[in-house]
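Trainee: Pasting the sequence and the predicted model now:
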Amino acid sequence: MSSGWSRFLRRPDLLVKDLGGLALYYPGQALISRVPRPVLGHTARVGGDLVRLAARRDQVLARTELRKLFGDRPLPHAEQDILREAWRQTMFNELEVLRYPHLDPSTVGQVCVVEGREHLDDALARGKGAIILIGHFGANQMIMPALGHAGYPMSQLSAPPPVWADILRESRTTPLWERVLERRWELEQKLPVQHINVFRFLRPALKCLQDNQVLGLAFDGGGGRRWTQVQLLGRRANVAVQPAQLARKTGAAILPTLVVREPGERRHRVIVTPALDVPRTRDRDADLKGTMQAFVDVFSEWVTRHPAHYLNFLVLRWKVRGTDVVPFFDDYPPAPGQLSPEQAQAHLQWAGEKV
């Protein structure tokens, strides 16, 4: 029996999770993509609660990550309410993926509204492109249909979902999960953007900006080649300087952008904030660090208000710390089988280039 199938014997929770994912992404996709949004919200609440109750270990981890993140700062809501909303938000966002093929310029307004388009228009008026810099916060992928269907030529620099099957081959991957990831990638490719594999050549990303288009990328992924440290609320985070490098090289504006959906709301708010002041002095390293910290300062304000939008991503980052080139937070304990930075870089490159 292959290690992927035998993993179900050691982790029966994975079998339940993967069977549920498979049902959702295959026969469930046709149904859920057409249900009214109030029904979608109710389904997400019920489904999110069930998944949370079954994920006892993840709940413990989520509480720990939340307390470390906020430190002495007061939480905006009761801890249990934040956890409950985190799982409901995650379920709602997963269900939204199933609807990607049915979004177009005439329907996208039913799903999301864009605030701050004037900031993006001002940036593009400079003629040097715009970097939509995001975190894995809320339904962050909704930025792509929101801007793409509004007529903005956009590229997205990211890792295709099937990459995760190879990254986590030794710890998480099962044959059923691979099929779920493949199906998710099929749906993401229906979005109105050009996808650029972050593990391959970045020439398309440079061309996107040189053509005065929109480039989306996240600051909190596990890849990259150069890092700096920033303060994210009560913790020190290691982040790649790639967004700041692209802005410095091309002259593109960096616009922190977030997606927020309050409990009970049917539409996501895609919020484009004013462009950052990108320094260009002789101290290149200090400039790159300053740019990334300026973004994280904006991002931290939103995490403070809506920690449920970010909590499950923090759980994920803790789980994959063993294969990250540089762990996201400095205070992570070593993972079993922790890869060295060199091993992790080679591992990520190998996984990324297979897709």
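Mentor: On my side now, so go ahead.
Trainee: Helix or strand next in line after the longest helix along the chain, which one?
Mentor: Ranked by residue count under DSSP state H, the longest helix found in the chain is helix 284-305. Using DSSP states H and E, the next helix or strand after helix 284-305 towards the C-terminus is helix 311-319.
Trainee: other SSEs contacting the next helix or strand after that next one?
Mentor: Going down the chain from helix 311-319, the next helix or strand is helix 341-353, by DSSP H and E. Packed against helix 341-353 by the contact rule (3 or more C-beta pairs under 8 Å, 6 or more residues apart in numbering; DSSP states H and E) you find helix 163-167. (C-beta placed from N, C-alpha, C; glycine too.)
Trainee: Touching, Val108 and Met144? I think so.
Mentor: No. Contact between Val108 and Met144 fails when scored by C-beta atoms under 8 Å: they sit 10.2 Å apart.
Trainee: roughly how far apart are Pro327 and Ala240?
Mentor: Applying C-beta to C-beta, to the nearest Å, one obtains 13 Å for the distance of Pro327 from Ala240.
Trainee: cool, and Arg37?
Mentor: Using C-beta to C-beta, one gets 36 Å for the distance from Arg37 to Ala240.
Trainee: Compare the two (neighbour count), which wins?
Mentor: More crowded of Arg37 and Ala240, by other C-beta atoms under 10 Å: Ala240, with 24 against 15.
Trainee: ok now do that one, which residues does it touch?
Mentor: With contacts defined as C-beta atoms under 8 Å, 6 or more residues apart in numbering, the neighbours of Ala240 are Phe219, Gly221, Gly223, Gly224, Arg225, Arg226, Trp227.
Trainee: Report pLDDT for it.
Mentor: For Ala240, the model assigns a pLDDT of 95.
Trainee: Any chance of the backbone angles for it?
Mentor: Dihedral angles of Ala240 (phi, psi; degrees, to the nearest 10) stand at phi -70, psi 150.
Trainee: ditto for Gln231
Mentor: Listed backbone geometry of Gln231 is phi -100, psi 120, with angles given as degrees, to the nearest 10.
Trainee: Can you spell out which residues form a bridge with it?
Mentor: Counting by DSSP bridges, Gln231 is bridged to Arg236.
Trainee: mind listing the strands for the protein?
Mentor: 112-115, 130-134, 154-158, 194-197, 214-218, 227-232, 235-240, 253-260, 268-272 (DSSP state E).
Trainee: What are the contacting residues of the first one?
Mentor: With C-beta under 8 Å, 6+ apart as the contact definition, strand 112-115 has outside contacts at Met142, Pro145, Ala146, Leu147, Ala150, Val259, Arg267, His268, Arg269, Val270, Ile271, Val272.
Trainee: one step back: of the strands of the chain, flag the one that's most buried.
Mentor: By mean neighbour count, with neighbours taken as mean count of other C-beta atoms under 10 Å, strand 130-134 ranks first of these at a mean of 28.
Trainee: Name the strands paired with that one and say parallel or antiparallel.
Mentor: When pairs are called by DSSP bridges, strand 130-134 turns out to pair with strand 214-218 (parallel), strand 253-260 (parallel).
Trainee: so how many other residues sit close to Leu15?
Mentor: Residues near Leu15, counting by other C-beta under 10 Å: 15.
Trainee: do the one 10 residues further on as well
Mentor: As a burial measure, Tyr25 scores 21 neighbours (other C-beta under 10 Å).
Trainee: That one is in contact with Leu98, isn't it?
Mentor: Yes. With contact defined as C-beta under 8 Å, Tyr25 reaches Leu98; the gap is 7.1 Å.
Trainee: Next, show the common contact partners of the two.
Mentor: When C-beta under 8 Å, 6+ apart defines a contact, the residues bordering Tyr25 and Leu98 alike are Leu187.
Trainee: List the residues that contact Val198.
Mentor: Contacts for Val198 were tallied using C-beta under 8 Å, 6+ apart; they are Leu157, Ser158, Ala159, Leu217, Gly221, Gly223, Gly352.
Trainee: And for the fourth one, nearest residue in space, chain neighbours not counted?
Mentor: Right, Leu217. When the adjacent residues along the chain are set aside, Leu217 lies closest to Leu157, with 4.2 Å between them (C-beta to C-beta, 6 or more residues apart in numbering).
Trainee: Run through the bridge partners of the one you found.
Mentor: With DSSP bridges as the criterion, Leu157 is bridged to Ile196.
Trainee: in this protein, which residue is closest to the centre?
Mentor: With distances taken as C-alpha atoms, centre = their mean, the chain has His136 as the residue nearest its mean C-alpha position (2.9 Å).
Trainee: Just give the number of residues close to the spatially closest residue to Gly127 that is not a sequence neighbour.
Mentor: Closest residue to Gly127 apart from its sequence neighbours, by C-beta to C-beta, 6+ apart: Asn212 at 5.2 Å. Residue neighbour count, defined by other C-beta under 10 Å, stands at 17 for Asn212.
Trainee: From Pro204, how far off is Asn212?
Mentor: 15 Å.
Trainee: For Asp13, the count of nearby residues, please.
Mentor: By other C-beta under 10 Å, the residues close to Asp13 number 14.
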